[in-house]
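Undergrad: Next one to model:
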Amino acid sequence: MAVLLFWEEATLAPEQLQPGIRYNSGNNPEIPKMTFNLANKSQDEMERLYVDKEAACVAFKERYNQPVIAEQIAATQPAHLQDYFFERLKVHRAYSKTLGRIEPQAADKK
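TA: Below is the predicted model:
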(Lines give C-alpha, C1' and ligand atoms only; values in the text may rest on other atoms or scores of the structure.)
Protein backbone atom coordinates (compact mmCIF):
# COMPACT_ATOMS: atom_id res chain seq x y z
CA MET A 1 0.00 0.00 0.00
CA ALA A 2 1.42 3.38 -0.97
CA VAL A 3 1.80 6.04 1.68
CA LEU A 4 2.10 9.80 1.19
CA LEU A 5 2.85 12.54 3.66
CA PHE A 6 0.21 15.19 4.27
CA TRP A 7 2.22 17.86 2.43
CA GLU A 8 2.82 15.53 -0.50
CA GLU A 9 -0.93 14.92 -0.65
CA ALA A 10 -1.46 18.68 -0.56
CA THR A 11 -0.07 18.92 -4.09
CA LEU A 12 -2.51 16.38 -5.53
CA ALA A 13 -5.62 17.38 -7.44
CA PRO A 14 -8.93 15.69 -6.45
CA GLU A 15 -8.81 13.38 -9.47
CA GLN A 16 -5.35 12.18 -8.39
CA LEU A 17 -6.52 10.97 -4.98
CA GLN A 18 -6.87 7.21 -4.92
CA PRO A 19 -8.72 5.03 -2.44
CA GLY A 20 -6.47 2.63 -0.58
CA ILE A 21 -3.54 5.04 -0.31
CA ARG A 22 -2.67 6.09 3.23
CA TYR A 23 -1.96 9.81 3.48
CA ASN A 24 -0.24 10.10 6.83
CA SER A 25 3.19 10.24 8.41
CA GLY A 26 2.89 8.03 11.49
CA ASN A 27 5.87 6.40 13.20
CA ASN A 28 5.92 3.43 10.83
CA PRO A 29 9.47 3.02 9.45
CA GLU A 30 8.00 2.12 6.04
CA ILE A 31 6.44 5.57 5.76
CA PRO A 32 8.70 8.11 4.06
CA LYS A 33 9.92 10.90 6.30
CA MET A 34 9.58 14.61 5.57
CA THR A 35 12.59 15.61 3.50
CA PHE A 36 12.48 19.38 3.98
CA ASN A 37 12.45 21.87 6.82
CA LEU A 38 9.35 24.07 6.84
CA ALA A 39 11.34 26.89 8.44
CA ASN A 40 13.49 27.09 5.29
CA LYS A 41 10.48 27.82 3.07
CA SER A 42 10.00 31.26 1.58
CA GLN A 43 7.38 33.60 3.04
CA ASP A 44 5.09 32.99 0.04
CA GLU A 45 5.37 29.21 0.43
CA MET A 46 4.66 29.50 4.16
CA GLU A 47 1.55 31.58 3.48
CA ARG A 48 0.35 28.93 1.04
CA LEU A 49 0.96 26.20 3.65
CA TYR A 50 -1.04 28.13 6.25
CA VAL A 51 -3.90 28.68 3.79
CA ASP A 52 -3.84 24.97 2.93
CA LYS A 53 -3.96 24.12 6.63
CA GLU A 54 -7.00 26.37 7.10
CA ALA A 55 -8.74 24.67 4.16
CA ALA A 56 -7.99 21.27 5.70
CA CYS A 57 -9.45 22.44 9.02
CA VAL A 58 -12.64 23.61 7.33
CA ALA A 59 -13.02 20.27 5.51
CA PHE A 60 -12.44 18.41 8.79
CA LYS A 61 -15.09 20.43 10.61
CA GLU A 62 -17.57 19.92 7.76
CA ARG A 63 -16.89 16.19 7.89
CA TYR A 64 -17.82 16.08 11.57
CA ASN A 65 -20.78 18.46 11.23
CA GLN A 66 -19.13 21.13 13.34
CA PRO A 67 -20.19 24.73 12.74
CA VAL A 68 -17.94 26.40 10.17
CA ILE A 69 -18.52 28.86 7.34
CA ALA A 70 -15.90 28.50 4.63
CA GLU A 71 -16.53 31.99 3.28
CA GLN A 72 -15.75 33.53 6.68
CA ILE A 73 -12.49 31.60 6.94
CA ALA A 74 -11.60 32.54 3.34
CA ALA A 75 -12.14 36.21 4.19
CA THR A 76 -9.42 35.98 6.85
CA GLN A 77 -6.86 34.70 4.32
CA PRO A 78 -4.58 37.01 2.32
CA ALA A 79 -6.50 38.45 -0.65
CA HIS A 80 -4.14 37.00 -3.24
CA LEU A 81 -4.60 33.48 -1.78
CA GLN A 82 -8.38 33.33 -1.44
CA ASP A 83 -8.82 31.50 -4.74
CA TYR A 84 -6.10 29.09 -3.64
CA PHE A 85 -8.04 28.52 -0.39
CA PHE A 86 -11.15 27.42 -2.29
CA GLU A 87 -9.07 25.27 -4.63
CA ARG A 88 -7.47 23.49 -1.66
CA LEU A 89 -10.83 23.23 0.11
CA LYS A 90 -12.19 21.36 -2.91
CA VAL A 91 -9.25 18.93 -2.73
CA HIS A 92 -9.67 18.35 1.00
CA ARG A 93 -13.42 17.83 0.65
CA ALA A 94 -12.82 15.24 -2.08
CA TYR A 95 -10.23 13.47 0.05
CA SER A 96 -12.51 13.59 3.08
CA LYS A 97 -15.07 11.50 1.19
CA THR A 98 -12.57 8.62 1.00
CA LEU A 99 -12.11 8.51 4.79
CA GLY A 100 -14.11 6.87 7.53
CA ARG A 101 -15.32 8.64 10.63
CA ILE A 102 -13.86 8.46 14.10
CA GLU A 103 -16.70 8.04 16.53
CA PRO A 104 -16.28 10.00 19.76
CA GLN A 105 -15.83 7.91 22.89
CA ALA A 106 -18.02 8.61 25.86
CA ALA A 107 -16.12 9.80 28.91
CA ASP A 108 -16.24 7.42 31.85
CA LYS A 109 -17.99 9.06 34.78
CA LYS A 110 -17.11 7.82 38.23
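Undergrad: longest helix of the protein?
TA: helix 43-63 (DSSP state H).
Undergrad: Tell me which other helices or strands that one touches.
TA: helix 70-75, helix 82-96 (3 or more C-beta pairs under 8 Å, 6 or more residues apart in numbering; DSSP states H and E). Quick note: C-beta positions are derived from backbone N, CA and C, even for glycine.
Undergrad: ok, the closest residue to Arg93 other than its chain neighbours - how many residues close by?
TA: Nearest in space to Arg93, with sequence neighbours left out and distances taken as C-beta to C-beta, 6 or more residues apart in numbering, is Ala59 at 5.1 Å. Applying other C-beta atoms under 10 Å, we find 21 residues neighbouring Ala59.
Undergrad: does Ala59 really touch Leu89, like I thought?
TA: Yes - Ala59 lies in contact with Leu89 (C-beta atoms under 8 Å); the separation is 6.2 Å.
Undergrad: Can you classify Leu99 by secondary structure?
TA: coil (DSSP: H, G, I helix; E, B strand; the rest coil).
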